[in-house]
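Participant: sequence and predicted structure below; questions after.
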Amino acid sequence: MNLSEIDRLGMMRRRHAYFSAVAEEYGSFTDFIKAQDMWLSIMGIGLTDCGQYLKLHIQLSSSQYEEYYVILEGNEYLTVSEIIRWNDDYRCTGYINVITGKSIDKESIVRMAIY
């Protein structure tokens, strides 16, 4: 990773922590959507119900975006998956574990909550 990617990873970690703190206040996707949909919309963050998770889409620029995934942790409360979809300055899209900084596959979004 170059320096700008390291800086961006730091910002991704801060967003992840913030979204996790918000999500942990809720016990269901329905409650989260009901309480947060309008606020997220005002902030320019797209919210999509994908069945097993909720997708938060942030369009950072015309060529950069990040997607965070709200998941159910142990059937007790919501949290945000460590897996984030993003694209870099070269418009390469992939999934990254925000904690380790390593590339990972999409299937890990929900699997991370199971293990």
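Facilitator: Received it, and whenever you're ready, just let me know what you need. Numbers count the residues shown, from 1 in each chain.

Participant: ok so residue 63 is a helix residue?
Facilitator: No: read with DSSP: H, G, I helix; E, B strand; the rest coil, residue 63 is coil and lies in no helix.

Participant: any idea which residue sits dead centre in this protein?
Facilitator: Central residue of the chain (Cα atoms, centre = their mean): residue 68, 1.2 Å from the mean position.

Participant: what bridges to that residue?
Facilitator: Bridge pairing for residue 68 (DSSP bridges) gives the partners residue 56.

Participant: got the contact list for it?
Facilitator: Residues in contact with residue 68, defined by Cβ atoms under 8 Å, 6 or more residues apart in numbering, are 15-16, 19, 55-56, 58, 80-81, 84. Where you see a C-beta, it was placed from the backbone N, CA and C, and this is true even at glycine.

Participant: from residue 36, how far out is residue 42?
Facilitator: 10 Å (Cβ to Cβ, to the nearest Å).

Participant: more neighbours, the two?
Facilitator: Shown here are residue 42 and residue 36; by other Cβ atoms under 10 Å, residue 36 has more neighbours (21 against 8).

Participant: need phi/psi at the more buried one.
Facilitator: The phi/psi pair for residue 36 (degrees, to the nearest 10) reads phi -110, psi -10.

Participant: residue 25 is in contact with that one, correct?
Facilitator: No: between residue 36 and residue 25 there is no contact under Cβ atoms under 8 Å: 9.3 Å.

Participant: next up, phi/psi of residue 101, please.
Facilitator: Dihedral angles (degrees, to the nearest 10) for residue 101: phi 80, psi 10.

Participant: count of neighbours near residue 40?
Facilitator: Residue 40 is flanked by 20 other residues according to other Cβ under 10 Å.
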